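Novice: compute the structure for the input listed below.
(chains A and B)
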Amino acid sequence: AQSVAQPEDQVNVAEGNPLTVKCTYSVSGNPYLFWYVQYPNRGLQFLLKYITGDNLVKGSYGFEAEFNKSQTSFHLKKPSALVSDSALYFCAVRDPYQGGKLIFGQGTELSVKP
Amino acid sequence: DSGVTQTPKHLITATGQRVTLRCSPRSGDLSVYWYQQSLDQGLQFLIQYYNGEERAKGNILERFSAQQFPDLHSELNLSSLELGDSALYFCASSALSSGAQETQYFGPGTRLLVL
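Specialist: Numbering: from 1, shown residues only, chains lettered A, B, ... in the order given. Here you go, the predicted structure:
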């Protein structure tokens, strides 16, 4: 069965510092991994995805994610955090055996302080 | 703006009632997914339709049903509502059914409150 885990419920970062939001996965077969962000009272916005190829994936708003097969991780990163990055971040894995549904982690609340 | 629209944005109803949530996918997308977001269960997949046909089912209650119409919009019907059904319901769409590279784009959600 496919699953993802986000080990941190909350991450606190000072503005201008690098940020990392962690995600680990467990899949049978090739992993198809996604990151979404949810701002208060808004829907989920797609940030980036890993399907195959380069382990460093670049996405929207300056975010990137590093795929590490040996550690089964897909951590979200940004070199310099902004206060406006404060939101709820979800890692997800796609299940190709069940219509391509997304299986989400429990979410990580990112708080960036000025 | 993802291009996926959902109505209504908010819905307040009473236990035992029935409601219908509506979703219009992005132009050209054939696949529609429904998800439920609640504090205790997180984000859970409910059901998927592709070009009018049901493709996959998740942990969807028997009191819930969905359909996709010829114009590709979808409706999620929730009946005999219980307090525990209070949640944010998201619709997402993608172009195809289950291609690995497919990205699902989410609507703004419908917040359901059952009193």
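Novice: leaving out the residues flanking it, which one is nearest to the closest residue to chain B within chain A?
Specialist: For chain A and chain B, the shortest gap (Cβ to the nearest Cβ) falls at A:Gly99, measuring 2.8 Å. Placement of C-beta: from N, CA and C, glycine included. Excluding the flanking residues, the one nearest A:Gly99 by Cβ to Cβ, 6 or more residues apart in numbering or on different chains is B:Ala56, at 2.8 Å.
Novice: just the strands in chain B please.
Specialist: Secondary structure of chain B, counting by DSSP state E: strands at B:5-7, B:10-13, B:19-24, B:31-38, B:42-50, B:53-57, B:64-68, B:74-78, B:87-94, B:105-106, B:110-114.
Novice: quick check: residues of chain A near chain B?
Specialist: Counting by Cβ under 8 Å from any Cβ of the partner chain, chain A comes close to chain B at A:30, A:32, A:34, A:36, A:42-46, A:49, A:51, A:90, A:94, A:96, A:98-107.
Novice: how near is the residue nearest to A:Gly99 to B:Gly109?
Specialist: 20 Å (Cβ to Cβ, to the nearest Å).
Novice: neighbour count: these two, which is higher?
Specialist: Taking neighbours as other Cβ atoms under 10 Å in any protein chain shown, B:Ala56 and B:Gly109 compare with B:Gly109 leading, 25 against 20.
Novice: now do the buried residues in the helix or strand bottoming out on mean pLDDT in chain B.
Specialist: None of the helices or strands of chain B scores lower by mean pLDDT, DSSP states H and E than strand B:53-57, at a mean of 92. Going by neighbour count (16 or more other Cβ atoms under 10 Å in any protein chain shown), the buried part of strand B:53-57 is B:Arg55, B:Ala56.
Novice: packing partners for it?
Specialist: strand B:42-50 (3 or more Cβ pairs under 8 Å, 6 or more residues apart in numbering or on different chains; DSSP states H and E).
Novice: grab the longest strand from chain A for me.
Specialist: strand A:87-95.
Novice: how about the strands in chain A?
Specialist: A:3-5, A:10-14, A:19-21, A:24-26, A:33-38, A:44-50, A:56-58, A:64-68, A:73-78, A:87-95, A:101-104, A:108-113.
Novice: alright, I will stop here.
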